[in-house]
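Peer 1: Sequence and predicted model, in that order:
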Amino acid sequence: SVMPQFEARHPLARIEVVRRHLPYVTDPATRRSMIRRLADNHASLGYIWQVRGDAGLARGNYLASLRLAPSAVALGGYLKNTVCVLKGREAFLSQHIGGLDNAAAIGFLEETVAHLLAILDVQPDLIAHDLHPDFASTHLALEMAEKLGIPALGVGHHHAHVAAICADHGVNERLIGLAIDGVGLGPDGGLWGGELLSVDGARCDRLSRLRRLRLPGGDRAAREPWRMAVAALHGAGLDGRVPGWLKTHYPERDAGPLLAMLAQGLRCPPTSSLGRWFDAVAGLLGLRAESRYEGQAAMELEGLAVAHGPESALPGGYAIRDNELDFSPLLPILLECADPGHGAALFHATVAAGLAEWSIDAVDREKETKIAVGGGCAMNAVLMSALRRHLEARGITLLEARQAPPNDGGLALGQGWVARSMWQRDHPAVMQRV
């Protein structure tokens with residue numbers, strides 16, 4: 001049996017997907033599988049919608065050509081993983097699979113891919129995956145591609161974040177993308193996460209980035225906000241303030257080895273990640289030395305900002321130098337901040353103002369009118385609300401996630417969108433006949 005074509009205006013709880021669409025599935029085994037995997041957790045979401053123009057009809061060269069575009073399956077990234085199947089004018093985003101850091105999750109990924117392709121009656125022509133070579137999703141994509149004899153297309157992590165917003169809005173035109181998240185592998189092999197991009201279908205060019213922070217100890221720094229705080233202070237030339245700050249907030253920690261690593265550049269890869277700035281400030285304000293789960297420090301920082309209430313951006317709290325946005329000028333003020341709530345609110349307001357000015361400069365320079373914002377940091381309601389106000393005040397259209405989440409949960413949708421654009425770019429003769 002084949003699932004019916006329909007359009008959902010809002011993300012559906014998985015149990016609701018089962019309730020509404022089981023009547024169309026007649027095969028008993030498929031029905032049992034749907035019930036088992038789709039109804040096991042009402043908090044997880046599944047998304048199924050038609051890729052349409054803003055007037056509800058297929059519009060523009062890309063959307064009009066979808067009837068000739070190949071079927072594709074995209075396997076997402078590493079954290080908050082989902083799978084997306086593109087068939088005709090529809091995109092089907094799976095339920096939450098989760099982090100691919102254990103055998104059970106990887107097995108569930110394989111099962112979900114097979115399940116979606118079966119119930120949608122899709123034989124994929126393309127497979128899309130993240131650029132990171134060590135992700136289980138990348139390994140599975142390459143294995144499937146070899147087995148099926150079809151292309152496997154690597155898509156840049158942040159290109160996919162912006163493309164997911166484009167797909168969500170049915171936009172197929174060049175625009176500015178602001179990709180803000182924890183980390184993702186860039187096409188240059190670097191650790192990206194705070195990028196201004198020019199995105200036009202299969203093409204993605206980086207216009208500028210956030211000033212990079214060092215990660216003392218590599219991935220460990222992302223789990224220990226105090227390390228990111230030390231790295232931020234070192235990068236701002238404030239090494240001399242570290243001992244006093246550490247004695248106040250983390251007296252059991254020793255920053256000596258970290259400062260030595262940073263000074264020598266040993267095991268301290270650089271990243272342009274905005275998420276690591278959130279970690280650094282959470283550590284600086286004494287919220288926690290270590291995070292028990294991904295994003296904990298950033299979410300607690302947002303919670304403090306909400307509880308405190310809005311603040312105005314700090315004048316001179318950021319700088320744009322050599323086309324890079326730098327939040328280091330804010331650090332001396334936060335060092336003196338006795339109220340973590342005030343510091344959290346001040347940080348959010350200043351980051352929003354800095355991102356807005358930086359983005360507006362790019363819009364003016366590139367002569368664009370739209371900005372698509374994606375990535376895990378776009379989950380932050382305080383940040384996005386302030387950024388929206390700044391951009392709308394300048395008459396700039398801000399495109400945000402609507403049906404698919406802006407974090408890695410929506411990454412597969414963007415990967416599939418880009419993979420199809422790559423196919424269209426490489427098959428101009430077919431496109432001319434549309």
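Peer 2: Looks like it arrived, so ask away. Small disclaimer: the values here were computed from a predicted structure and weren't measured.
Peer 1: wait, doesn't Pro70 sit right on Ile127?
Peer 2: No. Using Cβ atoms under 8 Å, Pro70 makes no contact with Ile127, being 10.6 Å away. For the C-beta atoms, the positions are set from N, CA and C on the backbone; glycine is no exception.
Peer 1: Those two - which one has more neighbours?
Peer 2: Taking neighbours as other Cβ atoms under 10 Å, Pro70 and Ile127 compare with Ile127 leading, 25 against 18.
Peer 1: Quick one: list the elements packing against the host helix or strand of that one.
Peer 2: Applying DSSP states H and E as the criterion places Ile127 in strand 126-130. Strand 126-130 sits against strand 72-74, helix 136-148, strand 152-155, helix 411-426, with contacts defined as 3 or more Cβ pairs under 8 Å, 6 or more residues apart in numbering; DSSP states H and E.
Peer 1: could you check the angle helix 136-148 makes with it?
Peer 2: Counting by axes from the mean of the first three to the mean of the last three Cα atoms, to 10 degrees, strand 126-130 lies at 160 degrees to helix 136-148.
Peer 1: any residues touching strand 126-130, and which ones?
Peer 2: By Cβ atoms under 8 Å, 6 or more residues apart in numbering, the surrounding residues in contact with strand 126-130 are 70-78, 135, 137-138, 141-142, 144-145, 148, 150-155, 157, 160, 184-185, 411-412, 415-416, 418-420, 423.
Peer 1: give me that answer again for 7 Å
Peer 2: The list of residues contacting strand 126-130 from outside it, by Cβ atoms under 7 Å, 6 or more residues apart in numbering, reads 70, 72-75, 77, 137-138, 141, 144-145, 150-155, 157, 415-416, 418-419, 423.
Peer 1: now the closest residue to Glu324 other than its chain neighbours: how far from Pro270?
Peer 2: Closest residue to Glu324 apart from its sequence neighbours, by Cβ to Cβ, 6 or more residues apart in numbering: Arg211 at 4.8 Å. Remark: distance between Arg211 and Pro270 (Cβ to Cβ, to the nearest Å) = 10 Å.
Peer 1: now Ala202
Peer 2: Counting by Cβ to Cβ - Ala202 and Pro270 are separated by 28 Å.
Peer 1: cool, Ala297 as well?
Peer 2: Distance of Ala297 to Pro270, given as Cβ to Cβ: 20 Å.
Peer 1: Which of the two has more residues huddled nearby?
Peer 2: For Ala297 and Pro270, the more surrounded residue by other Cβ under 10 Å is Ala297, and the numbers stand at 29 against 15.
Peer 1: by contact count, what packs against the one helix or strand that one maps to?
Peer 2: Using DSSP H and E, Ala297 sits in helix 296-308. The contact analysis (3 or more Cβ pairs under 7 Å, 6 or more residues apart in numbering; DSSP states H and E) places helix 296-308 against helix 274-284, helix 340-366, helix 381-393.
Peer 1: Between helix 381-393 and it, find me the angle.
Peer 2: 70 degrees.
Peer 1: buried sites along helix 296-308?
Peer 2: Using 16 or more other Cβ atoms under 10 Å as the test for burial, helix 296-308 gives Gln296, Ala297, Ala298, Met299, Glu300, Leu301, Glu302, Leu304, Ala305, His308.
Peer 1: what sits up against it?
Peer 2: Outside helix 296-308, the residues touching it (Cβ under 7 Å, 6+ apart) are 225, 275, 278-279, 281-282, 287-288, 291, 340-342, 344-345, 348, 380, 382.
Peer 1: Same question for stretch 73-81.
Peer 2: Against stretch 73-81 from outside (Cβ under 7 Å, 6+ apart): 82-85, 96-100, 109, 113, 117, 124, 127-130, 132, 135, 137, 140-141, 157, 294, 407-409, 411-412, 415-416, 419.
Peer 1: Appreciated, that's everything.
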